[in-house]
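Q: give me a 3D structure for the following:
(chains A and B)
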Amino acid sequence: MAKVPPEKELVSYSLKPDTTAEWMDTPTEFREGMFCHAAKPKDIETVDFPNPHKWSPTDEDWGLPENWKEIILDGMKDRLDKYRSFRLFMDVCVRCGACADKCHFFMGTGDPKNMPVLRAELLRSIYRRYFTTSGKLFGKLVGARDLTEDVLKEWWYYFFQCTECRRCSAFCPYGIDQAEITIMGRELINLLGLNTEWISGPVANCYMKGNHVGLEPQTIVSNIEFLMEDLEDITGKHIEPSFNRKGAEILFVVPSGDYYADPGIYTFMGYLLLFDHLGLDYTLSTYASEGGNFGFFTSNEMAKRLNAKIYAEAKRLGVKWIIGGECGHMWRVMNQYMDTWNGPADFLEVPKSPITGTVFENAASTKMIHITEFTADLIYHNKLKFDKSRNDHLVVTYHDSCNTARAMGLLEEPRYILKNICNNFYEMPEETIREKTLCCGSGSGLNAGEDMELRMRGGFPRAEAVREVRDKYGVNTLTNICAIDRASFPALMDYWVPGVRVAGVHELVANALILDENDDRQLDMRMEELPSAVAKRKAEEAARAAAEAEAARVAEADGEAKEGDAE
Amino acid sequence: MKVVGPLIVVVLLAALAWCCTEYLHWYALFGIVIPYVAVVLLIVGLVVRIVRWARSAVPFRIPTTCGQQKSLPWIKQAKLDNPSSKAGVFGRMVLEVLTFRSLFRNNKVEKRDSKLGYTSAKWLFLGALLFHWSMLIIVIRHLRLALEPVPDFLVVLEQADGFLQVGLPLLYISDVLIVVGLVFLLARRLTIKKVRYISLSVDFFPLFLLLGIAISGIVMRYAFRVDIAGVKEVVLGLLTFHPVSPDQLSTILFVHLFLVCVLMVYFPWSKLMHAPGIFMSPTRNLANNSREVRHVNPWNYPVKVHTYAEYQEEYGEKMKSVGLPLDPEVVSTNG
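A: Numbering: from 1, shown residues only, chains lettered A, B, ... in the order given. Take a look at the predicted model:
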């Protein structure tokens, strides 16, 4: 892992960047800690992508094929015809600058090429040069430039300094979405075999083994058994989830980080405790063992190839509908892409909660609902009993993940749940939540170790907002519904806002959920004592101490009396 | 250079029209031929560009959602910022086009040591609104020259626009505001370092051109006192394809008209296409209902996947070892 400079050094940048030289004349400097390792050839080969080869971003020679320019320009032409978004966003920007200070990477680095408008111009300048008459005629005068290896490297550096969070798009008067431009840019880069290791590795894993981390079926099962043992220690309930079970009513798909990595595992325990409590007829799948989709950070085709297993497995198992776990980009894919890619899911039924009878009409075609929609509906219908005080040790704030906020609009469901399961809930400043939420800085496949400085910088605006509520209300828990958040926030919090823990919403649901009248558990999902248990223990300790003190006093008094007697 | 260059070009264009009419008396060229050509090029250009956009597919339903989705009936949906129906999309587009709703959302981030602060930033929104609305009113006012008799709504609009009752002829508020708007937009491009840095020559050119058009129009009305009746005769002649000789019109009118012609020719090949473009933006003009109604990608094609059968083939033994059920119904395509 790259060493991150101390905080003082990291915040020494200015949001008023040096603008003396024109941006086209400013060469790109590859700074250590700001980029990921190059993809390994074997991972590229696994999915039959072009030009697998050994290379490094710091090399002078990137091992490009002879005709690389032709490949890129043909690739652009193809995509200009296939995506209206791409063509339109190349044409209509007026460079008003509204997006300039909306990007967390600009806000955390001050690098002008991280202003969304300029990151887009990196590609637009090439579009003008080769696809517009004025660009062909007037060149630099109208913002056009030749495609060179330096331009390609610049693309690579900056398209992997964008988390496809869409914040710029919310503020753009024409809705120009840098995520779309980054997606196209990364597709083009992938035509030359230039992916990052942190994206291509999980893609290859997910393709072959069904999940990003490459867990094989037996490992998934044993990991989950291990988690269920912990859950039994906490709640006294023995839970045996089913896998790959035909005829179950519901297929449950989660991001694979929840199977094995702290703190995602606590969220996973939360899901399963809830489902078991409800007696839900569901199954997990080791084949469709990943809801997330790093293919989405590679190309649309790759994303579709990885996503195909969800419906295929639902069909094979003969389930009726699908619930998806807490994950951000997974839900962008499920909400805006899955049905189009791999539907129609006419072999499934419109999701209907077996507990409340609610029919989820908003998922009438896709047949997949978000677990917070499911749980919020349960709470609204009084189907769950909670002991909020079990979360009293947590002072909670909530981070909207970019994709559920700006590519879905799932804003109230998680908040409704949180307000019903804990007593201490505080929102971060208005400009940093809901549709204006700030990215964790590690989305879209940037959550590697070697680019830690980039992640700390990109996450700084979010961390700053957390710090504000920590200082104001004593917030110590940052909840979210995103696996990349759960994976990346701990490092971000440790760096900027130490003392703040990171948790999924369903971890807190499980803490507060009253299973039955005998449920007097003493531990939360992390096996830490619950506030009531702490209070009880402290009271007992105090009582014991008082009793001991009393005994000592009596003994002393007795002693004195005896001494007196002796006199 | 990217600032001065466009300014010089606009000045030269104005000078060209002035010289060619004042000294060379090419009235027919500047009063009849060029306007016809410009209108044709505008229409052809618009059609070509819009058709080109329209021919690019919309493979996915990708609205940028800026509010609560439609989900459970008791959760209040943000119907305009996250529309799920055509009516909602219509409302969102109307607000976007007429009131610049996204720009209204704008804020400004400021950094003080290790703190970030967000402040309101409405100036761009106000400046843009000022310019675009003035422009719209002025264009509508110009219909007076093309319509006989002048419809009532135009008379009302003119009275409203001139309600300050200053000067003779009456001062139109829109004339003042368009110049204020344009000067503001120009000034922020010049003075805000970040904006100047991202600006290209093609960002300055339309500003100078529009300023040229506005100023030539204003001096024509208030200083040169052009003969409106004569102008109307010429315009009606052009519109009915029976052009009248424009010899009698004053030179400043030719300057104004020529700059408008330049704008018409330039428009379809420039960033000014943001005006029709906004209507076609997939992040704004689509409903967020892709889970409810399937969106079809016209070029969707089959892709290579790793099937369950292959997976079971590869991991069957390991699956058996932990008691996972094997599916007897699947046959691997590999085996």
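Q: please make it C-alpha for all contacts and neighbour counts, starting now.
A: Fine.
Q: and the strands in chain A?
A: For chain A, the strands defined by DSSP state E cover A:250-253, A:282-283, A:321-324, A:368-370, A:396-398, A:477-480, A:501-504.
Q: also the stretch 51-200 of chain B?
A: Using DSSP state E, counting those that start in this stretch, the strands of the stretch 51-200 of chain B run over B:107-112, B:115-120.
Q: and the gap between residue A:195 and chain B?
A: 20 Å (CA to the nearest CA, to the nearest Å).
Q: just give the nearest non-adjacent residue to that residue, would you?
A: Excluding the flanking residues, the one nearest residue A:195 by CA to CA, 6 or more residues apart in numbering or on different chains is residue A:39, at 5.3 Å.
Q: circling back: deepest of the strands of the stretch 51-200 of chain B, which one?
A: Most buried of the strands of the stretch 51-200 of chain B, by mean neighbour count (mean count of other CA atoms under 10 Å in any protein chain shown): strand B:107-112, with a mean of 16.
Q: other SSEs contacting it?
A: Here strand B:107-112 touches strand B:115-120, going by 3 or more CA pairs under 8 Å, 6 or more residues apart in numbering or on different chains; DSSP states H and E.
Q: can I get the strands of the stretch 51-200 of chain B in a markdown table with mean pLDDT?
A: Listed next are the strands of the stretch 51-200 of chain B as a markdown table, based on pLDDT from 0 to 100:
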| stretch | mean pLDDT |
| --- | --- |
| strand B:107-112 | 94 |
| strand B:115-120 | 93 |
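Q: can you redo the ones you listed as JSON lines with distance to residue B:33?
A: Shown next, in JSON lines, are these (distance: least, CA to CA, whole Å):
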{"stretch": "strand B:107-112", "distance to residue B:33": "48"}
{"stretch": "strand B:115-120", "distance to residue B:33": "49"}
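Q: can you tell me which residue is nearest the centre of chain B?
A: Computing the C-alpha centroid of chain B and ranking residues by CA atoms, centre = their mean puts residue B:275 first, at 2.0 Å.
Q: what does the pLDDT read for the residue nearest to residue A:195?
A: Note on residue A:39: pLDDT of 97.
Q: that one: how many residues sit nearby?
A: 22 (other CA atoms under 10 Å in any protein chain shown).
Q: next: residue B:299.
A: 10.
Q: which ones are touching residue A:316?
A: residue A:246 (CA atoms under 8 Å, 6 or more residues apart in numbering or on different chains).
Q: roughly how far apart are it and residue A:270?
A: Using CA to CA, to the nearest Å, we find residue A:316 at a distance of 27 Å from residue A:270.
Q: check residue B:76 too.
A: Residue B:76 sits 27 Å away from residue A:270, going by CA to CA.
Q: tally of neighbours for residue A:271?
A: Counted with other CA under 10 Å, residue A:271 comes out at 23.
Q: what's the answer for residue A:534, then?
A: 15.
Q: same check, this time on residue A:464
A: By other CA under 10 Å, neighbour count at residue A:464 equals 20.
Q: try residue A:535
A: 12.
Q: pLDDT score assigned to it?
A: 88.
Q: could you do the one 4 residues further on as well?
A: With respect to pLDDT, residue A:539 scores 92.
Q: residue A:566 now?
A: For residue A:566, the model assigns a pLDDT of 55.
Q: and for residue A:340?
A: 98.
Q: mind checking how far it is from chain B?
A: Distance from residue A:340 to chain B, by CA to the nearest CA: 6 Å.
Q: close to chain B: what parts of the stretch 251-400 of chain A are there?
A: Applying CA under 8 Å from any CA of the partner chain, one finds that the stretch 251-400 of chain A approaches chain B through A:287, A:301, A:304-306, A:308-309, A:313, A:335-337, A:339-341, A:343-344, A:360-368, A:373, A:377.
Q: show only the entries of the residues you listed found in helices.
A: Among these, the members found in helices (DSSP state H) are A:301, A:304-306, A:308-309, A:313, A:335-336, A:339-341, A:373, A:377.
Q: which of these lies closest to residue A:49?
A: When these are compared for distance to residue A:49 (CA to CA), residue A:301 wins out at 10.8 Å.
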